[in-house]
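*Asks:* can't give you the sequence, but here's the structure:
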């Protein structure tokens, strides 16, 4: 690896493994995070994402492998000397100090003179949009303000990498949506590498430049939000990222264009191009996203699609722009989750209505069957 | 009110008021809940919704007004004698009993013989889909199973009204989405009146037959999910239910079709029919939903709309079917939140792209300005 | 790094732990050894169980022993009976200032030295004391009444002294009982009594057990209160131990008695834990 | 309904509260009154402050008084110094079984009656005891050494007795300190010492204060430990009180001393609270 290569990324993990006794929490994980980018590790709880983060921060030793920051191994560097800082899940602001005291803590530890600390603290508070918060008590801050103070406390130390451990988990929904945008903004403003771990796929999708989907200690796929959403590599990724209808079935015929699958509930599905080495008779999982299914009142409206079926509306889940309907297929009784168009076209749909559904084979993704697909 | 009228609804509140010292938590609230329907009270925390629920359950006395269940006032009935049961926010299952013990608690209190209790407990467990959970310990259950046990514990007593106090708050996102559908199913299965309180608008929209939006102790609007979403009555409802772009401005001209408003940031907006008595010069808030805004690469694509503007893409918030983009308007610098079509047409949009936006005047809702619009 | 830090802490703690366990174990072993030496002649000792035999053979000793145990158990139950409503009130009903005040009230007996407190009680209860005076003034009794030097006085003293040790663990466990659990009980049709029996008490069990252990131990091993309030006839077992060590200077016999007391208390606590189905480590949690 | 329930509880609690406060307040008032009576002749008393004057005029009394206070403060600091690392270890590092075991170790001194425990110490420390024997055997000293009947013995006894009362409040407050707070300190470049000083100790302050108050009170008011371990010259103030009540049968003088002890302890606790910037109700929380 050349020097220029090393300088272009701030963080690199090489074959990192961590085991606790017999349990292997992280299995041979390698990745690089380019300078100034927003990298997320997305996975269900217990998948090992927190373990990786704690190894990067230095709170855990690696069992094997190497962690490099700006090209230099940090395995022998104590956590209070590593050029990484961490925003904790519950923020871990010090309630015994005021906001300025919290932000200045790291600077005081570095032995900076008082006036310089005050200047730096003022500047970073300005940047996170809380210019007057310095003398405030931690308990006087709102959830979003605490968030920003926690980030400012790290950013004032100018770390090479900022680690964020599900910092939005404690906020309520509206504020969380707001903070997603805010966090992304702060990241481009500070131009620092962010490594973000979360179990919430929408947080990862909205903010990240690159996302690693993790399951049982291993990375299943690393890619942009687009790639994960539109081109998942495994059944786990397809199930965990975004909502999907899922059918378990067996491949009946297999050709270059894809496969014909008969689902266990009787449905016959034409599935699109398959990246995995699957052949006739293999057990597979088919994933179709609710928004890829076209709904129509007459058969003609969906006639052009590779898959089309007929059913009755069982329930309408109105939720504004994200409304959905559950359709019970007439022949097999399978239930299909269909997104309603944002235009409000089908807004007046009522249970009992006969509808026709259709989707192209390219929208039906087919993977080797897995019982561990990140859905309930 | 005739008898038949009274029998058609299970719960009625008449001018219910509750004050704690000088603070009025609930101000003259009246509503009726039809038999077998799913009624939600939606509002931000501290709006008084929990106070209403606790008055119905009997844990709080009313300051004035009357609460009727099946047409009979229950003000003098102790909470352990009221024909209502409550699912608590943190469920409040008894950890010192097993699942069957929890569900049988109320029946034992009624003095039913043992075999009958066992039969009823078995039947209700069957109905909530946990036929074998009886001897299990509460701590062995998953979040969703606990939820169902908490509902079963109430439903086995066959209450006239079931109160639910944000029971999904503690669940994680995927499970919460799943439980919304589940709860609605259970409600239609048991055919009992549900009164549900929540601060999460998507929960209320998806599940409810009727929703009351509450703010500062008063009901702002009562209606179906459709009515609240497409026809909000006040600025608070428009801001709290669903996402919206919001502009503060002044009415320039006013006619039957609506108004022309100049926003404080300079934007001129044509707004649709106005239900409130507003006239020229009044301060107003304009709300436009992200999904009502049409995005196009050329001016022609949005030429037919009453409002159209030009801007550059500032950020793309990819989130699968719910992707959004933030567009900075060229002339005034105002930021517009636009939903991207589910079809993925604009999936490759990048920051810096010039785009044109447009929306019809009917999509721009205009209300008397309010600083309390349920957004951050 | 983390492992290194852990090691450092362990190294730091090791001598401390060693020291503590030494302080705890050695005196007891020493005492046990001493209790096994028989005084054969002046300054001549043999190993044997004569000191324990003396306990078995002399009815006064084992009567005192049994009496102490029974009185201590009674004091423990009485403390629980009074302490539980107080703790419930502090944990569930009192708010803010009232809560702090009540807690302080429980602390007050503690504020004053046990010795001074006991003397305070003696002043109150003696024949020429205020209680006797009040009863004479009210005409309920015709002559002075001695309230001191009986079992009731001992009991009052013990309960009063132990209250805090019962209330603190009870408040802690009751605090951790979610209020909505009690409301759910009402909501499902439960009466106050059934909620207390089926929800509150099972939840508070660890606190009840640990409170009872501590109070029982304190009562059993108390010296000043029973001796001062009970007078010469208090017949408390610690008095016998004191007499052997100080009055008779028979340290061997005293050690045997001390060891028996330790055994007795451990046995009763063990039986109590078995009966209530609790384990010690669960209670310590 | 809710108001009705509240009223019911209040009615239930009222006699209990009344009884409790009566038990607490009356003996003290009674004692104060008694301390103000001067014995003019046999069975003839006058109101006056002669008993307090006696205290001021006799140097032995106020020397003992000051010595007791200083020794108690020293014992409190020593207990804190030893108890803090133990509590930190229990709260933050030990897990599961180890944690329960350590807690039990702190409980052990409590398990045994204070009297028996003190006798155990006497056996260990006396001239013919195991410690003296060990030192002679090892050749460090040539003749038997008396470890008993000095201030160090008193101090060891007091610290040993008080350990649990320091450790429990410390463990409680340290438990409530989020581990990530300490990690955040390290992450931001803090050393172990700076985290201890700036994060851990400020957080543990209420526990430190309440532990210190309790330990100080217990030490100041202790009778058995200083008297038995310190011997005749222990010069502990409770000994003076005991002497007045029991030996000299001068209850008036004893009451005055008891009241002075109460005043002294309240004063020192108040000063300690002021100095540490804590309030009593905050500490009780």
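*Replies:* Arrived safely. As the structure is a prediction and not an experimental result, all values here were calculated from the model.
*Asks:* How far away from the center of its chain is stretch C:134-142?
*Replies:* Centroid separation for stretch C:134-142 versus its chain: 35 Å, with CA atoms, centre = their mean, to the nearest Å.
*Asks:* Of all the residues in it, which ones are buried?
*Replies:* residue C:135 (16 or more other CB atoms under 10 Å in any protein chain shown). All C-beta atoms are positioned from the backbone trio N, CA, C, and that covers glycine.
*Asks:* what do you get for stretch C:265-274?
*Replies:* For stretch C:265-274, a neighbour-count test (16+ other CB under 10 Å) marks C:265, C:268-269, C:272-273 as buried.
*Asks:* tell me, how many neighbours does the closest residue to residue A:34 other than its chain neighbours end up with?
*Replies:* Of all residues not flanking residue A:34 in the chain, residue A:9 sits nearest, at 4.8 Å (CB to CB, 6 or more residues apart in numbering or on different chains). When neighbours are counted by other CB atoms under 10 Å in any protein chain shown, residue A:9 registers 20.
*Asks:* For residue A:9, which residues are in contact?
*Replies:* A:32-35 (CB atoms under 8 Å, 6 or more residues apart in numbering or on different chains).
*Asks:* Among these, which one has the most neighbours?
*Replies:* residue A:33 (22 neighbours).
*Asks:* sorry, back to before: what two of the contacts of residue A:9 are the furthest from one another?
*Replies:* A:32 and A:35 (10.1 Å; CB to CB).
*Asks:* Check the spacing between residue C:154 and chain A real quick.
*Replies:* Counting by CB to the nearest CB, to the nearest Å, the gap from residue C:154 to chain A is 47 Å.
*Asks:* Just the helices from chain A, written as ranges.
*Replies:* Remark: helices assigned in chain A by DSSP state H are A:3-8, A:49-57, A:99-109, A:114-127, A:143-155, A:173-190, A:201-207, A:225-230, A:235-240.
*Asks:* Show the pLDDT at the closest residue to residue A:193 other than its chain neighbours.
*Replies:* Excluding the flanking residues, the one nearest residue A:193 by CB to CB, 6+ apart is residue A:10, at 4.1 Å. On the pLDDT scale, residue A:10 is placed at 87.
*Asks:* Contact partners for residue A:10?
*Replies:* Going by CB under 8 Å, 6+ apart, residue A:10 touches A:33-36, A:69-70, A:160-161, A:193.
*Asks:* And the pLDDT for residue 193?
*Replies:* Using chain A here. pLDDT recorded at residue A:193 is 92.
*Asks:* oops, chain C please
*Replies:* On the pLDDT scale, residue C:193 is placed at 88.
*Asks:* Repeat that for residue A:106.
*Replies:* In this model, residue A:106 is scored at 92, pLDDT.
*Asks:* again, but for residue C:76
*Replies:* 94.
*Asks:* measure whatever residue of the stretch 1-150 of chain A ends up closest to chain C to residue D:192 for me?
*Replies:* Using CB to the nearest CB, the single residue of the stretch 1-150 of chain A nearest to chain C is residue A:78, 5.4 Å away. Residue A:78 is 10 Å from residue D:192, where distance means CB to CB, to the nearest Å.
*Asks:* again with residue A:257
*Replies:* Distance of residue A:257 to residue D:192, computed by CB to CB: 64 Å.
*Asks:* Ok, residue A:137 next?
*Replies:* 26 Å.
*Asks:* in the chain, what spans have low per-residue confidence?
*Replies:* As the question left the chain open, I've gone with chain A. In the predicted model of chain A, residues A:1-7, A:344, A:372-376 satisfy pLDDT under 70.
*Asks:* nope, chain C
*Replies:* For chain C (pLDDT under 70), the answer is C:1-21, C:23, C:96-97, C:106-110, C:278-285.
*Asks:* can you rerun that using 90?
*Replies:* Applying pLDDT under 90 to chain C flags residues C:1-69, C:82-83, C:85-180, C:189-195, C:197-198, C:205-207, C:209-211, C:213-214, C:217-218, C:220-285.
*Asks:* still on that earlier bit, out of the contacts of residue A:9, who's nearest residue B:119?
*Replies:* The shortest approach to residue B:119 among the contacts of residue A:9 belongs to residue A:33, at 60.2 Å (CB to CB).
*Asks:* who does that closest one bridge with?
*Replies:* Counting by DSSP bridges, residue A:33 is bridged to residue A:11.
*Asks:* Is it in contact with residue A:210, as I believe?
*Replies:* Yes: if you go by CB atoms under 8 Å, residue A:33 and residue A:210 touch, sitting 7.4 Å apart.
*Asks:* State the distance from residue C:206 to residue A:77.
*Replies:* To residue A:77, residue C:206 is 44 Å away according to CB to CB.
*Asks:* What are the boundaries of the strands in chain C?
*Replies:* For chain C, the strands defined by DSSP state E cover C:37-41, C:44-47.
*Asks:* Buried residues, the longest one. List them.
*Replies:* Neighbour-count burial for strand C:37-41, counted by 16+ other CB under 10 Å, picks out C:37-38.
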